[in-house]
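Asker: Whatever this is, show me its structure:
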Amino acid sequence: MIRTLLCCALLSFSLRDGWAQGKSFAEGAFQVMEKAACRACHNSDGVASVTRLIFPEGDATAEKIDRFGKALVVLVDRQQPAESLLLKKPTNKIAHAGGARIVSGSDDEKILAAWVNRLAKLSGAELAQALRYREEEAVGLGHASPKVALRRLTHSQYNNTVRDLLGDQTSPANQFPPEDFVNGFKNQYQAQNLSPLLLESYGAAAEKLARNAFRGGDTRGLLPCKPSVACRAQFVREFGLKAFRRPLELEELQRYEALMRKGPDFYKGAQIVVEAMLQSPHFLFRLEETANPKWKSYSMASRLSYTLWDTMPDSAIMAAAAKNQLSTPEAVERVARRMLDHTKARDAFDEFVSQWIRFDRILTASKDRRRYPQFTRETAVAMTEEARVFLGDLVWGDRNFMDFVRADYGFMNSELAAIYAVPAPAREFSRVAFPAASERSGLLGQALFLALTAKPDETAPTARGLFVREQFLCQHVAEPPPGINTNLPDVTEAKPQTNRERLGGHVTNPSCFTCHNLIDPIGFGFEKFDAIGARRETFKLSFSAGGRYNRRTPPKTVELAIDTKGHVAGVANSNFSSPVELGKVLFESAQCQECVVKQYFRYATGRMETSGDRPLIRNVLSDFRASQFRFKELMVSFIKSKEFPSPGETVHVANHNQAR
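Answerer: All right, here's what the predicted structure looks like:
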């Protein structure tokens, strides 16, 4: 009987093993890796993006998946296949930041082992082709870089455009429906829908702006000539050129002239034209790409202006477009450098910073008033102002921008100085050195970052670690699985615990470990800074009598030691125990340097980068490094690389609907 059972077991194993070896990569090992959620980290924006295992896009062809499978040969020990990283990492036999994704001894492991054995036998042309895959992917060979024909003006661009077009300073878009953050920014084209409420807001704003433009006549100097029949055509032509950022076609000129004649007088007619143009798609959407040769220079002028100024082109840029003087990299660079010397460039950079660093979160945050009486609306605004001035100083002072995580100083006012426990500066938001003992470092030590990543009543190591991963390393961390209880255990007087101890459950819970192992250890390094960014040496817990606040019986205070040791999984030599040490890690990190480029790319293009954008990002990063990380050089390099792709860069132009 025992012999029969043993024979059956051996036969079963043999059949399974043979079945596994006969599977194609797409049917076998690929499905195993997908089920193990390897893609969640091993993608171009995942925490394992610097490894040799990067999954192809979700819509990859069968041929692409097959090539990817063979390219995994770089993770195979061809002499001892059983010792291959491809097999031992996901089973955690070799330390793996994601833990054990595949159970040792399971059928899934056997399927993966069968593929490893097949890869170990690759040779000749097949092996050479497999090795070429990674080289081709690194340069984006064969990948399209999508572009869109039109992009809707963001609310900030709308405000800036009507300011420069009409001299209006009322910022009407502040009353529009709020824009959503997608991919970390509010200008991503896939979220730029035209809701009925937004269309209604456009109409109301256009009516008010047009009425105010000619209240009391032409007080703002919008008319190019004295009111007359001949002036009507000139006004429509010149105002239309500015509003649409390109010359009007003949039928457009005729239509708007006819509309202007409907006014009871010249000014009312001009008001009607302005109101109509402000509701036109040609005003509300800016031209990105066009097949019309007459408009190509103007579309480039628009891209330049809205990228570097966040507003419409000025007369000099439009004149250059009219003369086709934006057709060479040298000409575009000259225009770009002139634009960067204008105050509009500083305002545009501030808008980028406000979204990248998520000023909105601190401006809408609330803190426990009893624990943090210092935190007010004014304090929150001061926190954003410090970050704005600090980052602006790095850019416009031509300093090393990577000091944003390493600088030993801040720009503070008296309120922030009180939080930082330093003397108030003589002038508001002037530069003040951080005391060495404070262990503050760039943005990582500023109240803005520390407060916006905290809870109303306590710090949040997970939120702080997540912010560093996503904003400074450009690595996406998956959302918690549905149904997972994210509440931490209550703290009691009988069992007082630090945040680190309370979060210890993440290490033992398989559903939590993978992601929290990537973010919590980063957040632990900030635990000596409370929920508004003030320094603390111990973790204090207060317990009131009977669990209630009682004036006659003061609460019992328990002080616990704080362990700030942390590390950045996936970054070599990244152990740290303070923001200063983490700042040094990030300053030297290739991932952090590239992330700065990626964040600007995402903001400037209004979309996430794709495989086809790798040459552009690589080129801009190279220029950024060569300049000793001067951000102005990053912006100039981006403009030139985007407008004049290097040979071999493939570009696919999609219409607006396709891109959405």
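
Asker: Outline the domain layout of the protein.
Answerer: According to automatic domain parsing, the chain comprises the domains 17-138, 150-325, 357-479+493-588.

Asker: Ends of the last one, what's the gap?
Answerer: Read that as domain 357-479+493-588. 20 Å (Cα to Cα, to the nearest Å).

Asker: mind listing the strands for the stretch 101-250 of the chain?
Answerer: Assigned by DSSP state E, counting those that start in this stretch, the stretch 101-250 of the chain shows strands spanning 146-147, 150-152.

Asker: now do the chain
Answerer: With DSSP state E as the criterion, the chain has strands at 146-147, 150-152, 285-287, 409-412, 430-433, 539-543, 556-560, 652-653.

Asker: Buried residues of the fourth one, list them for me.
Answerer: The reference is to strand 409-412. 410-412 (16 or more other Cβ atoms under 10 Å). For the C-beta atoms, the positions are set from N, CA and C on the backbone; glycine is no exception.

Asker: same question, the fifth one
Answerer: Burial within strand 430-433, assessed by neighbour count using 16+ other Cβ under 10 Å, is assigned to residue 432.

Asker: Restricting to C-alpha, output it in PDB.
Answerer: Written as PDB, here are the backbone C-alpha positions of strand 430-433 (Å, rounded to 0.1, in the frame of the first residue of the first chain):
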ATOM      1  CA  SER A 430      15.400  85.500   5.600                       C
ATOM      2  CA  ARG A 431      18.000  82.800   5.700                       C
ATOM      3  CA  VAL A 432      18.700  81.200   9.100                       C
ATOM      4  CA  ALA A 433      21.100  78.300   9.800                       C
END
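
Asker: Which elements pack onto that strand?
Answerer: Counting contacts by 3 or more Cβ pairs under 8 Å, 6 or more residues apart in numbering; DSSP states H and E, strand 430-433 packs against strand 409-412.

Asker: I'd like to know the average pLDDT value across the strand it packs on.
Answerer: Strand 409-412 comes out with an average pLDDT of 97.

Asker: Given it, what are its sheet partners and their directions?
Answerer: Within its sheet, and counting by DSSP bridges, strand 409-412 is paired with strand 430-433 (antiparallel).

Asker: residues making contact with the partner strand?
Answerer: Contacting residues not belonging to strand 430-433 are listed as 393, 408-412, 417, 420, 422-423, 425 [Cβ atoms under 8 Å, 6 or more residues apart in numbering].

Asker: mind running it again at 6 Å?
Answerer: By Cβ atoms under 6 Å, 6 or more residues apart in numbering, the surrounding residues in contact with strand 430-433 are 409-412, 422, 425.

Asker: do stretch 514-525 as well
Answerer: 47, 98-99, 461-462, 464-466, 468-469, 477-478, 500, 503, 506, 564, 566-569, 576, 582.

Asker: related to what we said a few turns ago, can I get the contacts of strand 430-433 in JSON lines including distance to residue 27?
Answerer: JSON lines is the format used below for these (distance: Cβ to Cβ, whole Å):
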{"residue": "409", "distance to residue 27": "58"}
{"residue": "410", "distance to residue 27": "57"}
{"residue": "411", "distance to residue 27": "59"}
{"residue": "412", "distance to residue 27": "60"}
{"residue": "422", "distance to residue 27": "63"}
{"residue": "425", "distance to residue 27": "66"}
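
Asker: which stretches of the stretch 501-650 of the chain aren't confidently modelled?
Answerer: Low-confidence segments of the stretch 501-650 of the chain (pLDDT under 70): 507, 510-511, 545-552, 647-650.

Asker: try the chain
Answerer: Checking the chain against pLDDT under 70 turns up 1-22, 481-486, 507, 510-511, 545-552, 647-660.

Asker: Swap in 50 and give it another go.
Answerer: Low-confidence segments of the chain (pLDDT under 50): 1-19, 648-660.

Asker: Can you give me the buried ones in stretch 373-390?
Answerer: So, applying 16+ other Cβ under 10 Å, buried residues of stretch 373-390: 374-375, 379-380, 382-390.

Asker: One more: stretch 444-460?
Answerer: Taking 16+ other Cβ under 10 Å as the neighbour-count basis, stretch 444-460 is seen to contain the buried residues 444-454, 459-460.

Asker: With stretch 218-237 instead?
Answerer: Buried, per 16+ other Cβ under 10 Å, within stretch 218-237: 222-223, 227, 232, 235-237.

Asker: Which members of the buried residues of stretch 373-390 occur in helices, if any?
Answerer: Under the assignment DSSP state H, those contribute 379-380, 382-390 to helices.

Asker: With distance to residue 361 as extra columns, can I get those residues in JSON lines?
Answerer: JSON lines is the format used below for these (distance: Cβ to Cβ, whole Å):
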{"residue": "379", "distance to residue 361": "14"}
{"residue": "380", "distance to residue 361": "10"}
{"residue": "382", "distance to residue 361": "15"}
{"residue": "383", "distance to residue 361": "11"}
{"residue": "384", "distance to residue 361": "10"}
{"residue": "385", "distance to residue 361": "15"}
{"residue": "386", "distance to residue 361": "15"}
{"residue": "387", "distance to residue 361": "12"}
{"residue": "388", "distance to residue 361": "15"}
{"residue": "389", "distance to residue 361": "19"}
{"residue": "390", "distance to residue 361": "18"}
